[in-house]
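J.: Sequence and predicted model, in that order:
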Amino acid sequence: MNSDIQASELLQFSFKAMGGDCEFHLCLDVNADSSFVFRGLRDELERLEQKYSKFRNNNLLYQINLAASKGETIQVDEETKSLLEHSLNCFKQSDGLFDITAGNLNSLWDFKKMKVPSIAEIEQALSLTDFSKVSWEKGMLSIPMGMSLDFGGVVKEYAADSLAVLATKLGVEYGLINLGGDIAVVGRKPDDSSWKVGITDPRNTNATIATIEVHSGGLATSGDYKRYFVHEGKRYSHILNPKTGIPCSGLRAVSISANLCTVAGSIATIAMLKEESEAITWLRDLGVPFIIMDSKSQIIKNASQSSRS
């Protein structure tokens, strides 16, 4: 996903975080210090990555899963409870397709070694995947023994939204927070115009298939091109179905615009996990702006957008 940004007064900060390329495009208040703003946003992003990343040692997520391995409960804060509530809502609305208890399943599929797990291994991981069995009352999180949480499907989008709110407090008048293609809009442009964001071609990541206009809120993309491997002629993506234990095989990519990047990202992920025709019908019924590429490389749009040659 590429931002088509033409305003010369925007400051751009590029860096790597959360496993991908990130950019801030920001127009600051005349009294704001750019170094202070950038440092404040980076610190907040680092805080969230340190707290929820499965690749960090001894963080909150590690402590949650360690407690689960012992059959113990653990105290969680308001921020974590809000992520759990959002994840539960997505779990219910998707009939279980969006499930952050798929930590064991996600760990089982090793995309670096490019190895397909055995049926027995998948069945074992599925037996420890069911968000309906998780509970939290008065801040005490209870997870069945051996189950493992993974916030990877929600935390980057949540971080984009959080940074957009913080940016305004730090003196940003308007701009974009782009965390590896998950985008949150900060404020409004002086002329109230939309941002034009290029949508990456899932089969040629150096090209775009269309642009989508985003006025406020957020934009997120989910696709089978970000992490995958090919084994015996079959393509396996990193988006795993928590009901079957195998990667999704319907749509190739989904880009969604919504009131929040967190919401957009969850909708995009659910659409990728649904059967193709069902996903398209579901998205149209939701009425959200979207651009998708189906399994036959056809582009389907329901958004303010323009095609690119």
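T.: It's in. This is a predicted model, so every value here is computed, not measured. Numbering: from 1, shown residues only.
J.: Check what pLDDT the spatially closest residue to residue 215 that is not a sequence neighbour gets.
T.: In space, and not counting its chain neighbours, residue 215 is closest to residue 194: 4.5 Å by Cβ to Cβ, 6 or more residues apart in numbering. C-betas here are computed from N, CA, C, even on glycine. We note a pLDDT of 91 for residue 194 in this prediction.
J.: now residue 141
T.: With respect to pLDDT, residue 141 has a value of 98.
J.: Please look at it and residue 65 and confirm they touch.
T.: No: Residue 141 lies out of contact with residue 65 (Cβ atoms under 8 Å); the separation is 10.8 Å.
J.: Output the longest strand belonging to the chain.
T.: Of all segments of type strand in the chain, defined using DSSP state E, the longest is strand 204-214.
J.: burial count for residue 162?
T.: Applying other Cβ atoms under 10 Å, we find 21 residues neighbouring residue 162.
J.: sorry, back to before: please name every helix or strand in contact with the longest strand of the chain.
T.: If contacts are counted by 3 or more Cβ pairs under 8 Å, 6 or more residues apart in numbering; DSSP states H and E, strand 204-214 sits against strand 195-201, strand 253-258, strand 290-293, strand 299-302, strand 305-307.
J.: Paired strands for it, with orientation please.
T.: strand 195-201 (antiparallel), strand 305-307 (antiparallel) (DSSP bridges).
J.: Please state the offset of it from the chain centre?
T.: Computed by Cα atoms, centre = their mean, to the nearest Å, the chain-centroid distance of strand 204-214 equals 18 Å.
J.: Please apply the same query to stretch 11-20.
T.: Distance, centroid of stretch 11-20 to centroid of chain: 16 Å (Cα atoms, centre = their mean).
J.: Could you pull up the mean pLDDT of it?
T.: 93.
J.: Just the C-alphas of it, formatted as PDB.
T.: What follows is stretch 11-20, C-alpha atoms only, in PDB (Å, rounded to 0.1, in the frame of the first residue of the first chain):
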ATOM      1  CA  LEU A  11       7.100  16.100   7.100                       C
ATOM      2  CA  GLN A  12       7.900  12.500   6.400                       C
ATOM      3  CA  PHE A  13       9.500  10.100   8.900                       C
ATOM      4  CA  SER A  14      10.400   6.600   7.600                       C
ATOM      5  CA  PHE A  15      11.500   3.700   9.800                       C
ATOM      6  CA  LYS A  16      11.000   0.000  10.500                       C
ATOM      7  CA  ALA A  17       8.800  -1.300  13.300                       C
ATOM      8  CA  MET A  18       6.300  -4.200  14.000                       C
ATOM      9  CA  GLY A  19       8.000  -6.300  11.300                       C
ATOM     10  CA  GLY A  20       7.500  -3.800   8.400                       C
END
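J.: And that stretch, what's buried?
T.: Across stretch 11-20, burial judged by 16 or more other Cβ atoms under 10 Å covers 17-18.
J.: can you check stretch 210-227 too?
T.: 210-214, 216-226.
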